[in-house]
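Peer 1: This is the structure alone, sequence omitted:
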């Protein structure tokens, strides 16, 4: 099957938050097929690989089938938190936009026609 590279932002809307050194990102699928792709392709290992040394702790993902969304919680990922980090943009918002740019390689047969 042919594969196509897409970005998370092509199949989901996103919001973020942060508290201390913990960032959380919600990905809301744009449809049924997109939700299945999110659940399969957006994994803790892929998220850690995407952010490299920015995410030093665990990544936990909570699927929310009733909302076709996933909640991602990343521990030790904000450089110690707003009052300790040396990062220019230390908030979850920066990580949210970064995650929206993560590439996924998906079989074309499972992609919705809008992607």
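Peer 2: Sure, I can see it. Since we're looking at a predicted model, the values are computed, not measured.

Peer 1: Least confident secondary structure element in this structure?
Peer 2: The helix or strand of the chain with the poorest confidence is helix 92-100; it has a mean of 86 (mean pLDDT, DSSP states H and E).

Peer 1: From the contact counts, what lies against that one?
Peer 2: helix 8-11, strand 12-19, strand 22-29, helix 44-51 (3 or more Cβ pairs under 8 Å, 6 or more residues apart in numbering; DSSP states H and E). For glycine as for every other residue, the C-beta is placed from the backbone atoms N, C-alpha and C.

Peer 1: Tell me the secondary structure at the spatially closest residue to residue 55 that is not a sequence neighbour.
Peer 2: Nearest residue to residue 55, sequence neighbours excluded (Cβ to Cβ, 6 or more residues apart in numbering): residue 77, at 4.2 Å. Of the three states, residue 77 takes coil according to DSSP: H, G, I helix; E, B strand; the rest coil.

Peer 1: Residue 77: what's it in contact with?
Peer 2: By Cβ atoms under 8 Å, 6 or more residues apart in numbering, the residues touching residue 77 are 21, 22, 23, 51, 54, 55, 56, 57, 95.

Peer 1: Check this structure and tell me which residue is nearest its centre.
Peer 2: Residue closest to the average C-alpha location in the chain (Cα atoms, centre = their mean): residue 99, at 4.5 Å.
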